[in-house]
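Asks: Sharing a model that was predicted from the sequence below.
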Amino acid sequence: MSILANRDTQVVIIGGVAGLNAARRMAQFDFLINRPLSVQAFVYPPEEGQQKEIYRGGELKNVPVYSSLEDALAENPGINTALIYIGANRAYQAAKEALEASSIKLVSMITEGVPEKDAKRLRKLAIEAGKLFNGPSSIGIMSAGECRLGVIGGEFKNLKLCNLYRSGSFGVITKSGGLSNEAMWLCAQNGNGITTAVAIGGDAYPGTDFVTYLEMFEKDPETKAVVIVGEVGGTLEDEAAEWLAAEKRRIRLVATIGGTCQEVLPQGMKFGHAGAKEGKKGVGSARAKMNALRDAGALVPDTFGGLSKCIKQVYDELLADGSIKPEPEIDEALLPELPLKVQEIMKQGEVIVEPLIRTTISDDRGEEPRYVGYAASELCEKGYGIEDVLSLLWSKKLPSREESEIIKRIIMISADHGPAVSGAFGAIIGACAGIDLPQAVSAGMTMIGPRFGGAVTNAGKYFKYGVKEYPNDIAGFLSWMKQNVGPVPGIGHRVKSVKNPD
């Protein structure tokens, strides 16, 4: 069995590029264990209406992008889990909406740098709603043979090396994302693998704690032992020790605590994680946590290097008392392999692919585009820019430096100001003619007409009217303009508004 995620888990990812990368990694795991695609939808307003291409093995799947979580859930009612892959300034609101959605039971957040007050509020909200909020700064959750949430587990080959295609007998709880992968590998090499691994994140105030997951593992009959990878700072490991000592537990506990080097370093020094900091008078020290866990009955090596031996010891004892049976050997050759990409097969010389594009100016032969025979890297190394490539495409030859500069200026003016560039163009011409800057700017401003944001003439006309007819009454002037004229003319972007800011 597994905790938190299983084959019925259906996911919405809230986020852009990072979320898409996670979905592709999750699809690789879906392919390995032969389950349908776990990611059902994305929520990312800038890309609303798009379809994201995700390969499940050699099978291409299109996953829709929605502008809101509400829309995603309305069209995909089976979604029960949300992953947060957006910036710290928006992560709280996204997680809050997910926790408030009735169908979503689990929210896991990878976002780093989330304000501590936001993490506390999300934890409180999750508890009140009877749900789970994992993270922030969590690499994800892995349920062997069932479901992968996030990029936890690493590359496809590592999923096999850690025996994650089938369930084992060890649970894993870590603060560190990287060490969660290491712990899963150690459980596979020295035991029979994991049931579920949870990376809770290394922030000072994570959304969940070790005890929450220890309780879940205690109730899971397939989990026989749990490996905790803790660190200096905070009290989560002490709470786990108290939980273990409170009564006789079914599961065995193995724990390793990082940060004993703190004993020879200045007190209060912070390590990589936000929460990895020893408190006043040694509170949260690695040594104190190790002693508390040992006193409670956990198997605790002196260093992380001793974790392998401890896992092997527990595994052998579980075999000896009949709690588990030896796993049958699996021929890894029978496990699926990800299809190779065309480029990889071409490098091996096993396939010939005809060029998809053939023109007199460019082609896609080789590993990079070529323009009239020039490789893209060659042009970059020699300092040529987009203006030179455009000349190549137009005239089939590289331009002179003067010609290149003219093309470059045309691109810059058009890109910055659009087609109605009379004002900018007038200012540039004036400056090029040698007149001073104030005169050049004035020349440009007098050429700004109604096609470019607003008319200088009409702006002056109506502001003069406002000063005369509505002195010190801006609200009255704006009301008159709205009723009789419309927007106040001025230099700017007409399409911009409060809801669509510049």
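Replies: Done, it's in.

Asks: Can you check the pLDDT for residue 499?
Replies: Among the per-residue scores, residue 499 holds a pLDDT of 66.

Asks: Can you point out the helix or strand that includes residue 31?
Replies: In this structure, residue 31 sits in helix 17-33 according to DSSP states H and E.

Asks: Name the residues that touch the next helix or strand after that helix?
Replies: Toward the C-terminus, helix 17-33 is succeeded by strand 39-43 as the next helix or strand (DSSP H and E). Strand 39-43 has contacts (Cβ atoms under 8 Å, 6 or more residues apart in numbering) with 10-15, 19-20, 23, 26-27, 52, 54, 63-69, 72, 75-76, 78-79, 94. Where C-beta positions appear, they are placed from N, C-alpha and C, glycine not excepted.

Asks: Pull out the buried residues from these.
Replies: Listed as buried from the contacts of strand 39-43 are 10-15, 19-20, 23, 26-27, 52, 54, 63-66, 69, 72, 76, 79, 94; burial here means 16 or more other Cβ atoms under 10 Å.

Asks: Tell me which entries of those lie within helices.
Replies: Among the buried ones among the contacts of strand 39-43, the ones falling in helices (DSSP state H) are 19, 20, 23, 26, 27, 69, 72, 94.

Asks: what's the closest of those to residue 403?
Replies: Within these, proximity to residue 403 (Cβ to Cβ) peaks at residue 20, which comes in at 40.6 Å.

Asks: Isn't that closest one up against residue 53?
Replies: No. With contacts counted by Cβ atoms under 8 Å, residue 20 stays clear of residue 53, the gap being 9.1 Å.

Asks: helices and strands of this protein: which one has the lowest mean pLDDT?
Replies: Between all helices and strands in the chain, the lowest mean by mean pLDDT, DSSP states H and E belongs to strand 362-363, at a mean of 71.

Asks: outside of stretch 465-485, which residues touch it?
Replies: For stretch 465-485, contacts defined as Cβ under 8 Å, 6+ apart pick out 462, 487, 488.

Asks: One more: stretch 109-120?
Replies: For stretch 109-120, the external contacting residues (Cβ under 8 Å, 6+ apart) are 18, 22, 83-88, 91-92, 95, 133-140, 150, 201, 203-207.

Asks: in the stretch 151-300 of the chain, which spans are strands?
Replies: 170-174, 194-199, 225-231, 252-258 (DSSP state E, counting those that start in this stretch).

Asks: Can you say which of the ones you listed is nearest to residue 341?
Replies: Judged by Cβ to Cβ, the one of these that comes nearest to residue 341 is strand 194-199, at 29.0 Å.

Asks: what helices or strands is that closest one leaning on?
Replies: Here strand 194-199 touches strand 140-143, strand 170-174, helix 177-190, helix 210-219, going by 3 or more Cβ pairs under 8 Å, 6 or more residues apart in numbering; DSSP states H and E.

Asks: List every C-alpha atom in it, with coordinates, as PDB.
Replies: Coordinates of each C-alpha in strand 194-199 appear next as PDB, following Å, rounded to 0.1, in the frame of the first residue of the first chain:
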ATOM      1  CA  ILE A 194       9.900   1.900  -0.300                       C
ATOM      2  CA  THR A 195       6.200   2.200   0.100                       C
ATOM      3  CA  THR A 196       6.100   6.000   0.100                       C
ATOM      4  CA  ALA A 197       8.700   8.700   0.300                       C
ATOM      5  CA  VAL A 198       7.700  12.200   1.400                       C
ATOM      6  CA  ALA A 199      10.000  15.300   1.200                       C
END
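
Asks: now the angle between helix 177-190 and it, please.
Replies: Relative orientation of strand 194-199 versus helix 177-190 (axes from the mean of the first three to the mean of the last three Cα atoms, to 10 degrees): 160 degrees.

Asks: and strand 194-199, how far out from the chain's middle?
Replies: Taking the mean of its C-alpha atoms, strand 194-199 sits 20 Å from the chain's own mean (Cα atoms, centre = their mean, to the nearest Å).

Asks: what does it contact?
Replies: Applying Cβ under 8 Å, 6+ apart, the set of residues contacting strand 194-199 is 1-5, 134, 138-144, 152, 162-164, 167-177, 180, 183-184, 187-188, 213, 217, 220, 222-223.

Asks: Drop anything exposed from the residues you listed.
Replies: If we count by 16+ other Cβ under 10 Å, these have these buried: 2-5, 134, 138-144, 152, 162-164, 167-177, 180, 183-184, 187-188, 213, 217, 220, 222-223.

Asks: and the helix holding residue 31, which residues are buried?
Replies: 18-20, 22-33.

Asks: For that helix, give the mean pLDDT please.
Replies: Helix 17-33 carries an average pLDDT of 97.

Asks: between it and strand 39-43, how big is the angle?
Replies: Helix 17-33 runs at 180 degrees relative to strand 39-43, counting by the same axes, to 10 degrees.

Asks: Could you give the separation of helix 17-33 from the chain centroid?
Replies: Put simply, helix 17-33 sits 12 Å off its chain's centre (Cα atoms, centre = their mean).

Asks: circling back to that earlier point, using TSV, lay out the strands of the stretch 151-300 of the chain together with mean pLDDT.
Replies: Output for the strands of the stretch 151-300 of the chain, formatted as TSV (pLDDT from 0 to 100):
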stretch	mean pLDDT
strand 170-174	98
strand 194-199	98
strand 225-231	97
strand 252-258	96
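
Asks: so who does residue 135 touch?
Replies: Each residue near residue 135 by Cβ under 8 Å, 6+ apart is listed here: 84, 107, 108, 109, 110, 111, 114, 200, 201, 203, 206, 207.
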